[in-house]
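[1] any chance you could fold what I've pasted below:
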Amino acid sequence: MDHAKGEWIIFLGADDYLWDSGVFEKLVSHLEDVQQNIKIVYCQVAIVDKEGNKLGVAGEPWKRIKRKFSQIMCIPHPATVCRRSMFYAYGKFDESFHIAGDFEFLLRELKHADAFFVPGLILTAMQHGGVSSTPENHLDGLKEMRVILKKHGQKLPGIYWLMSYLRVMSRVLLLNLIGKKHVASILDCGRSCTGKKPFWTRI
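    Predicted structure coming up:
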C-alpha cells in the first residue's frame with residue numbers, strides 16, 4: 001500500500017489470478033462512469049478447481065446483497081477494487097482478523113455508503129480451498145464477523161448471519177458423522193434440486 005500510485009487498488013490472494021489479459025481494459029470503461037462518492041467497485045470472480053476448470057461464479061448486484069452485507073461477507077474480495085483514498089480515510093486492514101479482515105475493511109465504508117457492481121464481468125479467478133473455504137474455517141470466519149459487527153455497533157446477530165452459522169454448523173456435524181464424500185453428494189443433490197450445477201463433488 002505504501003508504494004501504490006494508482007487511483008484504484010485490487011488485492012489478489014496467493015491462488016488468485018486475473019481472468020484474462022483484457023479484464024482491466026474492460027473494467028476501466030466502467031470505472032470512468034463511477035461517481036466520486038463511490039469508493040468500492042466489484043465484479044464477479046470465477047471459482048475454479050486446481051486445474052483451472054470453472055466451478056461457478058460469485059458476485060451479485062449490490063441492491064440484492066446490500067442488507068445481507070451488513071451481516072456477512074458476500075462481496076467477492078478478489079474481484080473488488082477500492083479507491084486508494086479509502087486507505088487514507090480509514091487506515092489499513094486490521095491484521096488481527098485472520099479470515100474476515102477484508103469484510104471489516106469494506107464494512108468501514110459500506111455501513112453508510114453504497115458499492116458499485118459491474119454486471120457480467122469476471123475480473124479474477126479464485127481457487128476453491130482457500131483459508132475460508134473449509135467448514136471449520138468458514139465457522140471461524142463467521143465468528144470473526146460477529147466480533148467485527150460488534151466492533152461496528154451491531155450487538156445482536158442478524159438473520160443472515162444466523163442462517164449462515166446454522167448452515168455451516170450443519171455441514172460440520174455431517175462431516176463428522178458421515179464424511180466428506182457423502183456430504184458433498186448431499187450438497188450437490190440440493191443444488192440439482194434448485195437447478196444449479198454440481199459443485200462440491202467436483203472439488
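[2] just the helices in this structure please.
    Applying DSSP state H to the chain gives helices spanning 23-31, 62-69, 85-90, 101-110, 135-151, 159-178, 180-193.
[3] which stretches of this structure have low pLDDT?
    Applying pLDDT under 70 to the predicted model, the residue ranges of the chain that meet it are 129-133, 202-203.
[4] and the residue nearest the centre of it?
    Of all residues in the chain, the one closest to the mean position by CA atoms, centre = their mean is residue 76, 3.2 Å from it.
[5] would you confirm that that residue contacts residue 60?
    No - here residue 76 lies out of contact with residue 60, judged by CB atoms under 8 Å, at a distance of 9.3 Å. In short, each C-beta sits where N, CA and C put it, glycine included.
[6] before we move on, the earlier item: pick the most buried one from the helices of the chain.
    helix 101-110 (a mean of 20; mean count of other CB atoms under 10 Å).
[7] buried residues in the lengthiest strand in the chain?
    When the chain is parsed with DSSP state E, its longest strand is strand 116-127. Judged by neighbour count using 16 or more other CB atoms under 10 Å, the buried positions of strand 116-127 are 116-118, 121-127.
[8] make sure residue 18 is actually in contact with residue 124.
    Yes - the pair residue 18 / residue 124 is scored as a contact, 5.8 Å apart, by CB under 8 Å.
[9] redo the helices of the chain as a markdown table? Include distance to residue 45.
    Formatted as a markdown table, the entries for the helices of the chain read as follows, by distance: least, CB to CB, whole Å:
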| stretch | distance to residue 45 |
| --- | --- |
| helix 23-31 | 11 |
| helix 62-69 | 14 |
| helix 85-90 | 20 |
| helix 101-110 | 12 |
| helix 135-151 | 17 |
| helix 159-178 | 19 |
| helix 180-193 | 18 |
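[10] out of the ones you listed, which is closest to residue 6?
    The closest approach between residue 6 and any of these, judged by CB to CB, belongs to helix 23-31 at 10.5 Å.
[11] so how far is stretch 97-113 from its chain's centroid?
    On the basis of CA atoms, centre = their mean, to the nearest Å, the separation between the geometric centre of stretch 97-113 and that of its chain is 11 Å.
[12] check stretch 171-185 too.
    The offset between the C-alpha centroid of stretch 171-185 and the centroid of the whole chain comes to 24 Å, using CA atoms, centre = their mean.
[13] send me that stretch as CSV with only the CA atoms.
    Output of stretch 171-185 as CSV, limited to C-alpha atoms (Å, rounded to 0.1, in the frame of the first residue of the first chain):
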residue,chain,number,x,y,z
ARG,A,171,-22.1,-29.2,7.4
VAL,A,172,-19.5,-29.6,10.2
LEU,A,173,-21.8,-32.1,12.1
LEU,A,174,-22.5,-34.0,8.9
LEU,A,175,-18.8,-34.2,8.0
ASN,A,176,-18.1,-35.7,11.4
LEU,A,177,-21.0,-38.2,11.1
ILE,A,178,-20.8,-39.4,7.5
GLY,A,179,-17.6,-38.0,5.9
LYS,A,180,-16.7,-35.5,3.2
LYS,A,181,-17.7,-37.7,0.2
HIS,A,182,-21.3,-38.2,1.4
VAL,A,183,-21.7,-34.6,2.5
ALA,A,184,-20.6,-33.4,-1.0
SER,A,185,-23.2,-35.7,-2.6
